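Student: with the input below, show me the fold.
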Amino acid sequence: MATNLLSAAACRNATSTAAAIRKLHDGDGLYLWVYRDGRKYWRMRYWQSGKERLLSIGVYPNVTLSDARIKRDELRKQLTADLDPSAERKAVNLRKKLAAENSFEAVAREWFHKQLHIWVPHHADDVRRRLESNIFPALGKRPIDQIEAPELLQAMCKIEARGAYDLAHRVLQVCGQVFRYGIATGRCTRNLSTDLRGALTPHVKQHQAAVRVEELPDLMRAIAKYDDIGDQQTRLALQLLAQTFVRTNELIGAQWVEIDLENALWIIPAARMKMRTEHVVPLSRQALAILTDLKALSRGSRYVFPGRNRDKPISNNTLLFALYRLGYKGRMTGHGFRAVASTILNETGFNPDVIERQLAHCERDEVRGAYNRAEYLSERKRMMQQWADYLDSIAAGAKVIPLHGGAA
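Tutor: Residues are numbered from 1 along each chain as shown. Predicted structure coming up:
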């Protein structure tokens, strides 16, 4: 047992007495090194294989005298067991480093960054937020290969406790992708998300609201009169959305550089598309007229639909709230125009492949070849012009609908 030589008061009052370093011995190799500038460090001096070694124990007074003695005694036990305390510390630090590199958060972030080049920004933001808000606080620091199914389920149950049943399923899906990546990179051996099948509260996916086909004429007439309660730009945005049935994010982020008025084409770059594939939208005569009006309203902005700050587009909610003002809350959304167009065009005999291409439902099977942005372009141009004529016709109250999917 060590013969203790120092006291708490001696440690507290110790100075270097003008020396660069003063070494105060407490017995069994424990020293308090006192520097000229007042700093004080605990050091453990020992011999291993005939060589003198020195090990840092901590900074005084963060590590008190009693704490330092406990650490010294622990290190002495390692020496008695023929273990090198320095080597053991390095091994512990290495294990901690490897654990940190193999933590769920580390693996998840590595997986996340590998996906960024195929994701549109808003989807990437959704995935990151789901991980950072719902998973990392509970499981982020845990080594991915040590997480058990009940831990993952507990994290999901916390989400469900907020009533966010759909979010719980989406977060579990993301976790499953992280675990699969962990398996592929040798950090874990099981995808725990599969163990939770049937464990979450069932959730019925809610499709975004869309009017019935027979309700579309009233909606188009209401939009045509939107200037009476709102602004012209929003009315034109709703009309162009109906004409082109692109996704709402694709519409509001449109820039004039994407619009080829001469060739009547709107070329949406891959970076703005959900599937990261460039998309071509043929522009009808009606769409070109809308864009002419929008150009006069754009105030020199690069955006087709600039917000109050012309360097930024209108918000995601602009069109949705406009539909609310028209009395369509819970009945119609921006995405609903896609559903209605798809239904009507399919029912009137247009080639389903042409419709799917125009909806930018890109083929995911790489065996069928890369997406050709001009695929079915002539058929799509004819279909989009007929669709625009149809919208004009029903808005005007025509009884005969001049829409057909047969060959021109």
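Student: tabulate the CA atom coordinates of stretch 146-158 in PDB.
Tutor: Output of stretch 146-158 as PDB, limited to C-alpha atoms (Å, rounded to 0.1, in the frame of the first residue of the first chain):
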ATOM      1  CA  GLN A 146     -24.700  -3.500 -30.500                       C
ATOM      2  CA  ILE A 147     -28.200  -2.000 -31.000                       C
ATOM      3  CA  GLU A 148     -31.000  -4.500 -30.200                       C
ATOM      4  CA  ALA A 149     -34.500  -4.600 -31.700                       C
ATOM      5  CA  PRO A 150     -36.200  -3.400 -28.500                       C
ATOM      6  CA  GLU A 151     -34.000  -0.300 -28.400                       C
ATOM      7  CA  LEU A 152     -35.000   0.500 -32.000                       C
ATOM      8  CA  LEU A 153     -38.700  -0.200 -31.200                       C
ATOM      9  CA  GLN A 154     -38.500   2.100 -28.200                       C
ATOM     10  CA  ALA A 155     -37.200   5.000 -30.400                       C
ATOM     11  CA  MET A 156     -40.100   4.300 -32.800                       C
ATOM     12  CA  CYS A 157     -42.600   4.300 -29.900                       C
ATOM     13  CA  LYS A 158     -41.500   7.800 -28.900                       C
END
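Student: list the buried residues of the strand or helix carrying residue 267.
Tutor: Element membership for residue 267, per DSSP states H and E: strand 265-268. Under the neighbour-count criterion of 16 or more other Cβ atoms under 10 Å, strand 265-268 has 265, 266, 268 buried. All C-beta atoms are positioned from the backbone trio N, CA, C, and that covers glycine.
Student: then stretch 133-151?
Tutor: 134, 135, 136, 138, 139, 142, 143, 144, 145, 147.
Student: next one: stretch 114-132
Tutor: Result for stretch 114-132 [16+ other Cβ under 10 Å]: buried residues 119, 120, 124, 127, 130, 131.
Student: what does it contact?
Tutor: 105, 108, 112, 167, 170-171, 174, 181, 249, 271-274, 276 (Cβ atoms under 8 Å, 6 or more residues apart in numbering).
Student: ok, of those residues, which come out buried?
Tutor: By 16+ other Cβ under 10 Å, these give 105, 108, 112, 167, 170, 171, 174, 181, 249, 272, 273, 274 as buried.
Student: pull the most distant pair out of the buried residues of stretch 114-132.
Tutor: Greatest spacing in those, by Cβ to Cβ: 120 and 131 (17.4 Å).
Student: and which of the contacts of stretch 114-132 is nearest to residue 360?
Tutor: residue 273 (6.3 Å).
Student: contacts only, for that closest one.
Tutor: For residue 273, the contacting residues are 120, 250, 279, 360, by Cβ under 8 Å, 6+ apart.
Student: rerun at 6 Å
Tutor: residue 279 (Cβ atoms under 6 Å, 6 or more residues apart in numbering).
Student: one more: residue 230?
Tutor: By Cβ under 6 Å, 6+ apart, the neighbours of residue 230 are residue 322.
Student: let's see 8 Å
Tutor: 322, 325.
Student: among the buried residues of strand 265-268, which one lies nearest to residue 30?
Tutor: Distances from residue 30 to the buried residues of strand 265-268, taken by Cβ to Cβ, are shortest for residue 268, at 70.3 Å.
Student: pretty sure the closest one sits against residue 246.
Tutor: Yes. Using Cβ atoms under 8 Å, residue 268 is in contact with residue 246, at 7.2 Å.
Student: which stretches of the stretch 251-400 of the chain have low pLDDT?
Tutor: Scanning the stretch 251-400 of the chain for pLDDT under 70 picks out 362-373, 398-400.
Student: ok, 90 please
Tutor: 270-278, 316, 346-349, 351-352, 360-376, 395-400 (pLDDT under 90).
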